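Colleague: let's see this in three dimensions:
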Amino acid sequence: MAKLPKINVVNASNVHSASLFLFHGSGATGSNFKEWIDILNREELKFPHIKIIYPTAPLQPYTPLHGMQSHVWFDRKSISIEAQEDVQSINSMCITIAELIDKEISDGIPNDKIVVAGFSMGGALSMYLSYRYKLSLAGCCAMSSFLNKNSFVYQHLKNNPEIHAPPLLQFHGVDDKLVPIKWGEECYNNLKELGVNTQFVPLNNVDHELSRIEIQAFKEWLLDILPQKLSD
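Modeller: Numbering: from 1, shown residues only. Reported below is the predicted structural model:
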């Protein structure tokens, strides 16, 4: 099972009643991702009732970098929607993250008060978690992300039509040159056909990056799913 080198945490400023996992893209770290989000937010991202968890992926060989070590959540044959998924690598990481989620649950935060979100590979990890491993979470957000054609996620949802999956919010830059927006749209359409409540937001004049508008829209969506109670 994969081991995580570091986890950055921003605690709820008041009563902790919900949790948010934010997963960085390939080659980054939880600290990098937190800093990027805080800059776009123009202050540290924090909430009275939501604990934010920024894990860092382990250093492991990454095939698109010719096997060089990188902080990645799982391996890929190539950065392409046509590539076959490395199911063993994805499984290993999802089991590790599921343990972190279970720790939140054991600390008193129910499944339906936990959201997972991420950028690029981190968004793909969020979708793997939400639609294959942890199907009772409150919500999932994928930023500039995609699932491969014939993903085992699609197969799982097809084989289990009774599943009530978490809602999905997808953001994607129209000018994304690394992960073309059509890959994100294909993922969106596939999940929608399989019964996932999905929302797809194209971002004009945005490449493979986060944007301030995206972070603001994400915060609004998050607080709609995880509202602060008067008692918090």
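Colleague: ok now stretch 17-29, how far from the chain's centre?
Modeller: 7 Å (C-alpha atoms, centre = their mean, to the nearest Å).
Colleague: same question for stretch 60-73.
Modeller: The answer for stretch 60-73 is 19 Å, by C-alpha atoms, centre = their mean.
Colleague: list the buried residues for it?
Modeller: Applying a neighbour-count criterion of 16 or more other C-beta atoms under 10 Å, one finds 60, 62-64, 70-73 buried in stretch 60-73. For the C-beta atoms, the positions are set from N, CA and C on the backbone; glycine is no exception.
Colleague: restricted to strands, list the residues you listed.
Modeller: Counting by DSSP state E, the buried residues of stretch 60-73 place 60, 62, 70-71 in strands.
Colleague: circling back to that earlier point, in the buried residues of stretch 60-73, find the pair that's most separated.
Modeller: Thr63 and His71 (14.7 Å; C-beta to C-beta).
Colleague: all helices for the protein, in order.
Modeller: 30-41, 87-106, 121-128, 152-159, 181-193, 212-225 (DSSP state H).
Colleague: CSV for those helices, including distance to Asn14, mean pLDDT and mean neighbour count?
Modeller: Conversion of the helices of the chain to CSV gives the following (distance: least, C-beta to C-beta, whole Å; pLDDT from 0 to 100; neighbours: other C-beta atoms under 10 Å):
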stretch, distance to Asn14, mean pLDDT, mean neighbour count
helix 30-41, 19, 97, 17
helix 87-106, 17, 94, 16
helix 121-128, 26, 97, 28
helix 152-159, 36, 93, 16
helix 181-193, 34, 97, 19
helix 212-225, 14, 97, 16
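Colleague: what's the burial count for the nearest residue to Asn204 once chain neighbours are set aside?
Modeller: Spatial nearest neighbour of Asn204, excluding adjacent residues (C-beta to C-beta, 6 or more residues apart in numbering): Val174 at 5.3 Å. Residue neighbour count, defined by other C-beta atoms under 10 Å, stands at 12 for Val174.
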